[in-house]
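> 3D, please:
(one chain, ligands or ions: 1)
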Amino acid sequence: MKKLLVLGSTGSIGKSTLELARNFKDKFEIVGLSTNCSIDELEKQIKEFKTKAVVVKDKLQAEELKKRIGSKCEVLSGDEGLLDIAKRDNYDILVTALVGIAGLSPTIEAIKLKKRIALANKETLVVAGELIVNLCKEYEAELIPVDSEHSAIFQCLVGEEQKHINKLILTASGGPFLNKSMHEFETVTIKEALNHPNWKMGSKITIDSATMMNKGLEVIEAFWLFQLPKEKIEVIVHPQSIVHSMVEFTDGSIKAQLSSPDMKLPILYALTYPQRFNYTGVLTDFKKIAQLTFFEPDFDKFVCLKIAYMAIKTGGTAPCILNAANETAVDYFLKGKIKFSQIPELILFALDSIPADKVLDLENVFQTDFNTRELLYKKFN
Ligand code: MG
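Coordinates of the predicted model:
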């Protein structure tokens, strides 16, 4: 029986994780859960999984939940609640499905306890990749990617040696605006941007898919996870999202991992690695897949992808500035404050205005994140 702490349990990855726990009742126990503010959903989860401790980020909502469930379950709140629950040595695997930089500190606590981290929060590696990778080595903690592309690469690399990798090929669906012109980006609506063709996900990541910043963040994530130069990380558009990513080896041979697009498979692999469970929840029928196509991404149209490679080159806190600026820009777009086409403009503005610091410690990461958000807040309020 593996004990799971699922942070971000009311989001799409969190719910998929719990669906797997429901399916494998004799294999997984849920010892902790968290939400930002969706306490109705969390209350249902507590009842179903008999969870003894949870975190509600919003303090008012935390008080409301306490009133509802009484002493059956401990309700913690705020960022300090997330830290507290991650520090408890009562779980085997931390599933981190939080959105944004909030995932960083709890992940570090789990690393220090030498836990397995099933990492769905890509921002953790984007803002503090070097720090996290070094801490994992120091504490011998396992970092297993949940992001479908990185899970695919991780699976392709089982049994392979680092020196035999020629390049990683990350596939991208291209999002809802693959066939729109740059000119049309001026007028796209929030509703259009939220309508992803293949994946059902939270709103932040869905907008990131529309700008292709999601792929940019994934390039940075891959850079830290697999420790390869950025020239060896390639992005290719594959609109069907069946091939989740590939690895080309030095002899020219290529391995790929394929399945219907469903996050339950990469989540399950991160929980069971190096084992595989018997599972029939996600099936792939090649007779029903008409074609698999691949083509080069348009870097001029999807500027965010280009910016991500630039940020890797600059290094230090540049990816942290990029991430904070992107989170802010996406939030402003979803609130109707800026146009879709302004998202990359804001990110470039932040990268130009804030000098990247080479030193990357936790304090520096949080300060840079704060400075970037403040800069953009002042520009728009
Ligand atoms: Mg992905």
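
> residue ranges of the helices in the stretch 51-200 of the chain, please?
Under the criterion DSSP state H, counting those that start in this stretch, the stretch 51-200 of the chain contains helices at 59-69, 78-87, 104-112, 123-139, 148-156, 190-193.

> residues touching Leu376, list them.
By C-beta atoms under 8 Å, 6 or more residues apart in numbering, the contact set of Leu376 is 325, 328-329, 332, 346, 349-350. For every residue, glycine as well, the C-beta is placed using N, CA and C.

> actually Lys379, not the one I wrote
Counting by C-beta under 8 Å, 6+ apart, Lys379 makes contact with 346, 349.

> Now do the helix or strand containing it against helix 123-139, angle only.
Counting by DSSP states H and E, the element that carries Lys379 is helix 362-380. Calculated by axes from the mean of the first three to the mean of the last three C-alpha atoms, to 10 degrees, helix 362-380 forms an angle of 170 degrees with helix 123-139.

> Between helix 104-112 and helix 362-380, find me the angle.
Going by the same axes, to 10 degrees, helix 362-380 makes 160 degrees with helix 104-112.

> Just the C-alpha atoms of helix 362-380, please, in CSV.
C-alpha atoms of helix 362-380 as CSV (Å, rounded to 0.1, in the frame of the first residue of the first chain):
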residue,chain,number,x,y,z
LEU,A,362,15.1,30.0,-2.8
GLU,A,363,15.1,33.6,-1.4
ASN,A,364,16.2,34.9,-4.8
VAL,A,365,13.5,32.9,-6.6
PHE,A,366,10.7,34.3,-4.4
GLN,A,367,12.1,37.9,-4.6
THR,A,368,12.3,37.7,-8.4
ASP,A,369,8.8,36.3,-8.7
PHE,A,370,7.5,39.2,-6.5
ASN,A,371,9.5,41.9,-8.4
THR,A,372,8.1,40.6,-11.7
ARG,A,373,4.5,40.6,-10.6
GLU,A,374,4.9,44.0,-9.0
LEU,A,375,6.4,45.5,-12.2
LEU,A,376,3.4,44.3,-14.3
TYR,A,377,0.9,45.2,-11.6
LYS,A,378,2.2,48.8,-11.7
LYS,A,379,2.0,48.9,-15.5
PHE,A,380,-1.7,47.9,-15.6
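
> And the helices of the stretch 51-200 of the chain: which comes nearest the ion?
Closest to the ion of those, according to C-beta to the ion: helix 148-156, at 4.8 Å.

> in the helix holding Lys379, what's buried?
Of all the residues in helix 362-380, those buried under the rule 16 or more other C-beta atoms under 10 Å are 364-366, 368-369, 371-373, 375-376.

> Confirm that Ile30 sits in a strand.
Yes - under DSSP: H, G, I helix; E, B strand; the rest coil, Ile30 falls within a strand.

> That one reaches Arg22, doesn't it?
No - with contact defined as C-beta atoms under 8 Å, Ile30 does not reach Arg22; the gap is 9.7 Å.

> Report the separation between Gln155 and Gln257.
To Gln257, Gln155 is 5 Å away according to C-beta to C-beta, to the nearest Å.

> Quote the end-to-end distance of stretch 333-340.
6 Å (C-alpha to C-alpha, to the nearest Å).

> which parts of it are buried?
Buried, per 16+ other C-beta under 10 Å, within stretch 333-340: 333-334, 338, 340.

> just how off-centre is that stretch within its chain?
22 Å (C-alpha atoms, centre = their mean, to the nearest Å).

> Residues contacting that stretch, please?
Around stretch 333-340, the neighbours that count as contacts under C-beta under 8 Å, 6+ apart are 185-188, 190, 193, 203, 207, 210-211, 329, 332, 342-343, 346, 380.

> and Ser12, what is it in contact with?
Applying C-beta under 8 Å, 6+ apart to Ser12 gives the contacts 200-202, 263.

> Of the residues you listed - the most surrounded one?
Met263 (22 neighbours; other C-beta atoms under 10 Å).

> what's the helix or strand for the nearest residue to it once chain neighbours are set aside?
For Met263, ignoring the flanking residues on the chain, the nearest one in space by C-beta to C-beta, 6 or more residues apart in numbering is Ser16 at 5.1 Å. Element membership of Ser16, judged by DSSP H and E, is helix 12-23.

> count of neighbours near the residue in the chain positioned nearest to the ion?
Here the residue of the chain nearest the ion is Asp147; by C-beta to the ion that distance is 4.2 Å. Look at Asp147: counted by other C-beta under 10 Å, it has 28 neighbours.

> Phi first, then psi, for it.
The phi and psi values for Asp147, taken as degrees, to the nearest 10, are phi -50, psi 130.

> same check, this time on Ser34
phi -150, psi 150.

> in the sheet, who's paired with it?
Beta-bridge partners recorded for Ser34 (DSSP bridges): Val55.

> ok, now which ones touch it?
Counting by C-beta under 8 Å, 6+ apart, Ser34 has contacts 6-9, 42, 54-57, 81-82, 85, 98.

> picking up where we left off before, can you confirm whether the helix holding Ser16 lies near the ion?
No - judged by C-beta under 5 Å from the ion, helix 12-23 makes no contact with the ion; its nearest approach is 10.6 Å.

> Next, the angle from that helix to strand 28-35.
Angle of helix 12-23 versus strand 28-35, following the same axes, to 10 degrees, is 150 degrees.

> Include distance to Thr317 when you put the contacts of Ser34 into a markdown table, please.
Formatted as a markdown table, these follow (distance: C-beta to C-beta, whole Å):
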| residue | distance to Thr317 |
| --- | --- |
| Val6 | 30 |
| Leu7 | 24 |
| Gly8 | 25 |
| Ser9 | 31 |
| Leu42 | 34 |
| Val54 | 33 |
| Val55 | 28 |
| Val56 | 31 |
| Lys57 | 25 |
| Gly81 | 27 |
| Leu82 | 23 |
| Ile85 | 28 |
| Leu98 | 21 |
